[in-house]
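>>> Here is a sequence with its predicted model. Questions after.
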There are 2 protein chains.
Amino acid sequence: MTRGKKKQLHLNLFLRNTGHHEASWRHPRSRPDGVIDVRYYQRLAQTAERGKLDSLFLADSYGLPPTMQFLVQQALEPFTLLSALAMVTSRIGLIGTASTTYNEPYHVARKFVSLDHISGGRAGWNIVTSTGNATAFNFGAEPLPDHTDRYRRADEFLAVVQALWDSWEEDAIVGDKASGLYVDPAKLHEISHAGEHFHVRGPLNLPRAPQGQPVLVQAGASETGRAFASRHAEAIFTAQNTLADGQRFYADVKGRMRKLGRDPEAAKILPGLCPIIGDTPAEAQDKERELNELTQPAYGVYRLSNLLKMDLGGYPLDGPLPYQELAHNAEINSQKARHQLYLDLARRENLTIRELILRTATSRGHYSITGTPVEIADEMERWMREGAADGFNLMPPCFPTELDAFVDKVVPELQNRDLFRTDYEGETLREHYGLERPARAAAVAGTGGRAAVSAQ
Amino acid sequence: MTRGKKKQLHLNLFLRNTGHHEASWRHPRSRPDGVIDVRYYQRLAQTAERGKLDSLFLADSYGLPPTMQFLVQQALEPFTLLSALAMVTSRIGLIGTASTTYNEPYHVARKFVSLDHISGGRAGWNIVTSTGNATAFNFGAEPLPDHTDRYRRADEFLAVVQALWDSWEEDAIVGDKASGLYVDPAKLHEISHAGEHFHVRGPLNLPRAPQGQPVLVQAGASETGRAFASRHAEAIFTAQNTLADGQRFYADVKGRMRKLGRDPEAAKILPGLCPIIGDTPAEAQDKERELNELTQPAYGVYRLSNLLKMDLGGYPLDGPLPYQELAHNAEINSQKARHQLYLDLARRENLTIRELILRTATSRGHYSITGTPVEIADEMERWMREGAADGFNLMPPCFPTELDAFVDKVVPELQNRDLFRTDYEGETLREHYGLERPARAAAVAGTGGRAAVSAQ
């Protein structure tokens, strides 16, 4: 119960080309040519808004893995796409990904404020530190910096971005046509940041965002990632395969937040959920089987080898993982938690390599439920009631069909249980998530207003 | 005459907050609050499309000058704004600015291809190298690199972007659901660029743009800038104050193109034009006077001092420029040609400081015509017929009123003279400008296709 009102779920739609199942593009009803067609995403965004979802989200990376023969992996640039989607929706939040490793804080600060102005307060930033050298080698000759260094840069990057977001006071614009005073120069602030990674003077060239600051989203799951999320995030995407794992993660993060003096309600924890929906259990299972039959083992072996940092090509598909030979997690530089999750899943359920590939083909290790709308709503309710989730990051296996099914069948079931809104109550992404609008941080000590040109 | 068809003008709309006159925000009919409201720009874009203009254009910089008390200078980020405008228009070209000095080629390549996909082939890139330390100090502790270094980086930057744009062959996507072959890996190409400024492996994570490559636009006017434009640009924005100056520039650039083996028609030269339109000459002059009376001398002195790199604060407003003391042009690091243009203008017309400020308040040194629709069309026709322009970069002094006046009064006059299209004939920006769709450059020698994951 929050503020006397029954606690309800928060739902984010994770958009991803033809769907989250790696073979979705091969499904007879998929439209792989749609993945660079803005109208395709418009329809998905409008469906999600019809379902009253809190937000939609675009993951992103700045490189292409060498597996393009197997599946769709190109992606429109998130800001051009989200801004286009802002024009054909009016309420749903728009969460874009930007890496702190391969960007400049000034550009990132500005893009999100611009999107927040254009969308009327619906922008969110999924903060990532990038993974893999397919990205790194598009930005220099150096491989991906190590995990700790990436997070150190992320800390400083975020501090700079937030300072830029606060570099205009709310009432800086006077706009007095008669006197000719447009902005009160005392209410624009240089940030004069000089740190390990960045020198940024500011101020930003855009007034403060309608939301005060765009919503901060994060998905780090390693120790460093959790610490970062607990300090900063307002929505947390996470991959949890069992209720018990979900509860542990939820308790851990909310506990960290309390220790840091943050209200645990100030960050919504949204485990990934891939719903495969049938009107009967058998129909749902058929759907899952149909998709799994379209997977390509060579791709599965590549994907698993890449995540586990070991070539599994020589091992029998129907045998176990070579646990002894797998690199110890501490040596893994990215997707550390996902690495552990796969090993735990395989051990716990005694899976062969082929079985592990299929279990992770649907949603790359995220929680997947194959069942009826009632069964899916039951699980969602259970995770919320039993302290594993504030909502979910929805990962439909196939677009648009499985998003349609979720909105048409699962959402009404959740609404009947009073677990989900029947209409938007707020205007902004912050309001949908029940987050406070952040007050502007005080100006950097001693800076005061910005030196202005003398009006003589 | 081109291809047996009467030569017609090309018209680009230069969008700029409340208008190009520095006092436009103070005009009774201006809407300064509109400058961060996407609906304001939607209306302007739709008006330009109603007028069948070739394109609209957003200038950009990554910093804020210390003159915000005098006028509107904040700006929405170009890609978020252009993408939003793509959703409410269907034909007009969308030209965004990106600096080669403070960006990474991978990001820039991708944003333009993404915008080109989203807009159905309407994207153009205005290539700039940035000016001023208000930008530089948002990206590090170093001041703006010198002019030559910026252009050297720009050359390499553009080469990388173009290679990334060509890193997918046109028919790389097979999309065979039955066999599971999505992309032919032999048709994706790493670019493996290793140069002075950049190491970029590629390929881009987006298929080739609908236009093959987005249209390249440039406005450099210095010797280095002209050389760059002559090699690369497909549309050239320029500031020319007299027909004779315009003719000299036009002949110079087209001559350079011929020497480089380029078809002179492959770049359209578009001088800036600020039309102040009245139904009678007197009405037009009243409009100009009304705007000039709203200017603020303190701002004018700052602007002039900043451009001329000398503090003019101590000189009488009604006296001449201190020509002797003005720094020699060779020491100027940015806006070199604009600097010279101001000095030439003041000398030629024997202007006082105050007069020079007013003459450049309308459009910062671009050509301004105050007159009736017929007088304005006469001048435009004359510039085209007499070899000074292939069209114009329109800089209305006030939005939306003076854009409305241009579209409603000058465009029909041009159409009656068969100097401007009465409807779009093509779909893409290239087609509007009569530019060829570039063939894909051959893959980097020896690279062949990209190494693919073995399908076993």
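Now that the structure is in, tell me what you want to look at. Residues are numbered from 1 along each chain as shown, chains lettered A, B, ... in the order given.
>>> Give the pairing partners of the top strand by length along chain A; include direction for each.
Under DSSP state E, the strand in chain A containing the largest number of residues is strand A:268-277. Its sheet considered, strand A:268-277 pairs with strand A:235-238 (parallel), strand A:367-371 (parallel), strand A:391-394 (parallel) by DSSP bridges.
>>> ok, then the element right after the first one?
In this case it means strand A:235-238. Tracing the chain past strand A:235-238, the next element assigned as helix or strand by DSSP states H and E is helix A:243-259.
>>> all helices of the stretch 201-350 of chain A, in order?
Ranges of helices in the stretch 201-350 of chain A, per DSSP state H, counting those that start in this stretch, are A:223-232, A:243-259, A:281-293, A:297-308, A:336-348.
>>> Distance from stretch A:161-171 to the middle of the chain?
Relative to the mean C-alpha coordinate of its chain, stretch A:161-171 is positioned 24 Å out (C-alpha atoms, centre = their mean, to the nearest Å).
>>> Export that stretch to CSV, keeping only CA atoms.
Only the C-alpha atoms of stretch A:161-171 are listed here, as CSV (Å, rounded to 0.1, in the frame of the first residue of the first chain):
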residue,chain,number,x,y,z
VAL,A,161,24.6,15.5,-16.8
GLN,A,162,22.6,16.3,-13.7
ALA,A,163,24.5,19.5,-13.1
LEU,A,164,23.8,20.6,-16.7
TRP,A,165,20.1,19.6,-16.2
ASP,A,166,20.1,22.0,-13.2
SER,A,167,22.1,24.8,-14.9
TRP,A,168,18.9,26.8,-15.6
GLU,A,169,16.7,27.9,-12.8
GLU,A,170,13.1,27.2,-13.4
ASP,A,171,12.2,30.8,-13.8
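>>> that older thread, and the helices of the stretch 201-350 of chain A as JSON lines, adding mean pLDDT, mean neighbour count and distance to chain B?
All C-beta spots, glycine's among them, are computed from the backbone N, C-alpha and C. Shown next, in JSON lines, are the helices of the stretch 201-350 of chain A (pLDDT from 0 to 100; neighbours: other C-beta atoms under 10 Å in any protein chain shown; distance: least, C-beta to the nearest C-beta, whole Å):
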{"stretch": "helix A:223-232", "mean pLDDT": "95", "mean neighbour count": "19", "distance to chain B": "22"}
{"stretch": "helix A:243-259", "mean pLDDT": "97", "mean neighbour count": "16", "distance to chain B": "31"}
{"stretch": "helix A:281-293", "mean pLDDT": "96", "mean neighbour count": "16", "distance to chain B": "11"}
{"stretch": "helix A:297-308", "mean pLDDT": "92", "mean neighbour count": "20", "distance to chain B": "5"}
{"stretch": "helix A:336-348", "mean pLDDT": "87", "mean neighbour count": "18", "distance to chain B": "19"}
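>>> Mind checking those for the one nearest to A:Ser61?
Each of the helices of the stretch 201-350 of chain A has some distance to A:Ser61 by C-beta to C-beta; the shortest is helix A:297-308, at 13.2 Å.
>>> what comes into contact with that closest one?
Helix A:297-308 has contacts (C-beta atoms under 8 Å, 6 or more residues apart in numbering or on different chains) with A:22, A:65, A:67, A:70-71, A:311-313, A:317, A:321, A:326-327, A:335, A:338-339, A:342-343, A:353-354, A:356-358, A:360-361, B:453-456.
>>> In strands only, show me those.
Per DSSP E, those never map to strands.
>>> Report the contact partners of A:Gly319.
A:Thr352, A:Ile353 are the contacts of A:Gly319 under C-beta under 8 Å, 6+ apart.
>>> could you give the angle of the least confident helix or strand in chain A by mean pLDDT to helix A:297-308?
Within chain A, confidence by mean pLDDT, DSSP states H and E is lowest for helix A:336-348 among all helices and strands, at a mean of 87. Interaxial angle of helix A:336-348 relative to helix A:297-308 (axes from the mean of the first three to the mean of the last three C-alpha atoms, to 10 degrees): 120 degrees.
>>> Mind giving me the packing neighbours of helix A:336-348?
helix A:297-308, helix A:353-361 (3 or more C-beta pairs under 8 Å, 6 or more residues apart in numbering or on different chains; DSSP states H and E).
>>> Now do the contacts for the nearest residue to A:Leu419 once chain neighbours are set aside.
Using C-beta to C-beta, 6 or more residues apart in numbering or on different chains and skipping residues adjacent in sequence, the residue nearest A:Leu419 is A:Leu9, 5.3 Å away. Shown in contact with A:Leu9 (C-beta under 8 Å, 6+ apart): A:Met380, A:Met384, A:Ala389, A:Asp390, A:Gly391, A:Phe392, A:Leu414, A:Leu419, A:Phe420.
>>> now the strands paired with strand A:268-277 as CSV including mean pLDDT?
As requested, these are exported to CSV (pLDDT from 0 to 100):
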stretch, mean pLDDT
strand A:235-238, 97
strand A:367-371, 96
strand A:391-394, 98
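>>> Reformat those strands as JSON lines; add distance to B:Val113 and mean neighbour count.
Shown next, in JSON lines, are those (distance: least, C-beta to C-beta, whole Å; neighbours: other C-beta atoms under 10 Å in any protein chain shown):
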{"stretch": "strand A:235-238", "distance to B:Val113": "27", "mean neighbour count": "26"}
{"stretch": "strand A:367-371", "distance to B:Val113": "33", "mean neighbour count": "21"}
{"stretch": "strand A:391-394", "distance to B:Val113": "28", "mean neighbour count": "27"}
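>>> before we move on, back to that, to B:Gly121, which of the helices and strands packed on helix A:336-348 lies closest?
Closest of the helices and strands packed on helix A:336-348 to B:Gly121 is helix A:297-308, at 32.4 Å (criterion: C-beta to C-beta).
>>> any idea how far the closest residue to A:Asp33 other than its chain neighbours lies from B:Arg440?
Excluding its sequence neighbours, the residue lying closest to A:Asp33 (C-beta to C-beta, 6+ apart) is B:Gly175, at 6.9 Å. Separation of B:Gly175 from B:Arg440 (C-beta to C-beta, to the nearest Å): 19 Å.
>>> which of those two has more neighbours?
Using other C-beta atoms under 10 Å in any protein chain shown, the more surrounded residue of B:Gly175 and B:Arg440 is B:Arg440, with 15 against 12.
>>> For the more buried one, give its distance to A:Val72.
Taking C-beta to C-beta, one finds B:Arg440 at 21 Å from A:Val72.
>>> cool, A:Arg91 as well?
29 Å.
>>> Of those two, which one has the most company?
A:Val72 (24 against 21).
>>> which SS state does the nearest residue to the more buried one once chain neighbours are set aside fall under?
Counting by C-beta to C-beta, 6+ apart, A:Asn17 is the residue found nearest to A:Val72 once chain neighbours are left out, at 4.4 Å. Classification of A:Asn17 by DSSP: H, G, I helix; E, B strand; the rest coil places it in coil.
>>> quick revisit: relative to B:Gln240, which of the helices of the stretch 201-350 of chain A is closest?
helix A:223-232 (51.3 Å).
>>> what packs against that closest one?
If contacts are counted by 3+ C-beta pairs under 8 Å, 6+ apart, helix A:223-232 sits against helix A:147-165, strand A:215-218, helix A:243-259.
>>> what's the second one in contact with?
Contacts made with strand A:215-218 from outside it, assessed by C-beta under 8 Å, 6+ apart, are listed as A:57, A:93, A:95, A:123-127, A:158, A:225, A:228-229, A:232-237, A:429-430, A:433, A:435.
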